[in-house]
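>>> Return atomic coordinates for the entry below.
(one chain, ligands or ions: 2)
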Amino acid sequence: MLLRNATIATMQPGAPYGLLHGAVLIEDGLIKWAGPEADAPEGGEDMAGRLITPALIDCHTHVVFGGNRAAEFEMRLKGASYEEVARAGGGIVSTVTATRAASEAELLAGALTRVDALIREGVSAIEVKSGYGLDRETELKMLRVARAIEGERRVRVRTSFLGAHAVPGEYQGRADAYIDEVCLPALEAAAAEGLVDAVDGFCEGIAFDTAQIERVFQRAKTLGLPVKLHAEQLSNIGGTRLAAQYGALSADHVEYADAADAKALADAGSVAVLLPGAFYTLHETQAPPVQAFRDHMVPLALATDCNPGSSPLASLLLTMNMGCTLFRLTPEEALAGVTCLAARALGLKDTGVIEAGKRADLAVWDVAHPAELSYRIGFNPLYRRIFGGEA
Ligand code: DI6
Ligand code: FE
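Ligands and ions are numbered 1, 2, ... in the order given. Alright, predicted model coming up:
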């Protein structure tokens, strides 16, 4: 396959967006060559100046879950507090109840509606977390469903075990016992089944402290699995530095991170994953320290955090717009955040840039310039998605 007469955002270092005008040659599912029109072989398909980018990557999602939280959304808008919602059976507990009750087929069907929305916007790879089971059986069920997505759709899935997401009702006030009796054994079992690509946690006052998360990270290390963390979302309790200490792939949310956290991430080579959908939904006012991340050259990724509570968002294009408008990212940072740097946050070395030898995961857009992808709201200019060299 040869695509010619295109504007190509290679996302390689050098020119902004690694921009060039020319052609991409695809062979055996890989990018064989990308370069200026004059050097291109004969033939091929005229792209009429359309934009080609790496296919998009959503590096933080919770797309597998049961039920939804629309009733809680209504309650909160009528003035109910988070505690009142929880007492009425809402909040994360309601998602855990619905997820435990759902069959694998039901969970898969629900997840596919969200995955399809992402694919329609040119997404080729997604990360999917467990964390709404909070018992061994349901955590494994969620991860099996996440793996099953790859059998149903042409998309790559990377799984994260998020057993340390919340303390379930039956362990209320006994978080340490939950880690010992449920989370760590479930992680062992899931890893033994080959269901885990990375290990995640929620390090927060309302979830788990750094000592508890560290026990999970130690087990991950024993199992040879990389770690990542929901860190500094609502307060600063040291999760980002803990993640850096364990060489995390990424620290995610990080609204309350500071300059020392930024330095720790930079030294560890970890990515900061920004999640503007949760910031927006929770009416958060503390924006992540983007300038400190830039000063320390921390790679910045952007993701939907698609989940039923804090970020019911299944659009990576809207996420890019929110990253720019809410967090003042540049459109170039936003595109890097959903391509090359999202790949890095997932430890995927074979995708996310347009370069000879990488997988031919590409998106062709009906726009002239890459900034247009972040600029519009509620507008999907995808012309064609190419996954592993196939349209
Ligand atoms: N941070 C979040 O914003 C979500 N999980 C997390 O660790 C919230 C998940 C939910 O409310 O269902
Ligand atoms: Fe999340």
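>>> tally of neighbours for W33?
Residue crowding around W33 was assessed by other CB atoms under 10 Å; the count is 17. From N, CA and C alone the C-beta is placed, and that goes for glycine too.
>>> That one in helix, strand or coil?
Secondary structure assignment for W33 (DSSP: H, G, I helix; E, B strand; the rest coil): strand.
>>> Would you mind pulling the contact partners of the helix or strand where V24 lies?
Using DSSP states H and E, the element containing V24 is strand 19-27. Here strand 19-27 makes contact (CB atoms under 8 Å, 6 or more residues apart in numbering) with 1-10, 31-41, 44, 52, 354, 360, 362, 370, 386, 389.
>>> same thing but at 6 Å, please
With CB atoms under 6 Å, 6 or more residues apart in numbering as the test, strand 19-27 has contacts from 1-4, 7-9, 32-37, 40, 360, 389.
>>> got the residue ranges for the helices in the stretch 251-391 of the chain?
Per DSSP state H, counting those that start in this stretch, the stretch 251-391 of the chain carries helices over the ranges 259-268, 276-281, 290-295, 316-327, 331-337, 340-345, 371-375.
>>> should've said the stretch 51-200 of the chain
70-77, 82-87, 91-101, 104-119, 136-152, 175-178, 184-192.
>>> neighbours of the nearest residue to E372 once chain neighbours are set aside, just the number please.
Spatially, and ignoring its direct neighbours in sequence, E372 is nearest to P381 (7.2 Å; CB to CB, 6 or more residues apart in numbering). Applying other CB under 10 Å, we find 17 residues neighbouring P381.
>>> go on, E204?
E204 has 20 nearby residues by other CB under 10 Å.
>>> Which residues are in contact with it?
Here E204 is in contact with L234 (CB under 6 Å, 6+ apart).
>>> Quick check: it vs R215, distance?
Distance, E204 to R215, by CB to CB, to the nearest Å: 16 Å.
>>> still on that earlier bit, would you show me how to pick out the buried ones of the contacts of strand 19-27 in ChimeraX?
ChimeraX command restricting the contacts of strand 19-27 to the buried ones, with burial defined by 16 or more other CB atoms under 10 Å:
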select :2,3,4,7,8,9,32,33,34,35,40,360,389
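>>> quick one: which of the contacts of strand 19-27 is nearest to ligand 1?
Using CB to the nearest ligand atom, A9 comes nearest to ligand 1 of the contacts of strand 19-27, at 30.3 Å.
>>> Spatially, what comes nearest to that closest one if we skip its sequence neighbours?
Y17 (4.1 Å).
>>> swap in R174?
Spatial nearest neighbour of R174, chain neighbours left out: V167 (7.5 Å); criterion: CB to CB, 6+ apart.
>>> Can you pull the phi/psi pair for that neighbour?
phi -90, psi 120 (degrees, to the nearest 10).
>>> do the one 5 residues further on as well
With angles defined as degrees, to the nearest 10, Q172 shows backbone torsions of phi -50, psi 130.
>>> residues in contact with it?
For Q172, the contact set (CB under 6 Å, 6+ apart) is empty.
>>> buried ones in stretch 216-234?
Neighbour-count burial for stretch 216-234 flags 216-217, 219-220, 225-234 (criterion: 16+ other CB under 10 Å).
>>> Check stretch 245-253 too.
Along stretch 245-253, these residues count as buried under the neighbour rule (16+ other CB under 10 Å): 245-246, 248-253.
>>> Get me the contact residues on the stretch 151-300 of the chain for ligand 1.
Counting by CB under 6 Å from any ligand atom, the stretch 151-300 of the chain comes close to ligand 1 at 165, 202, 230, 233, 278.
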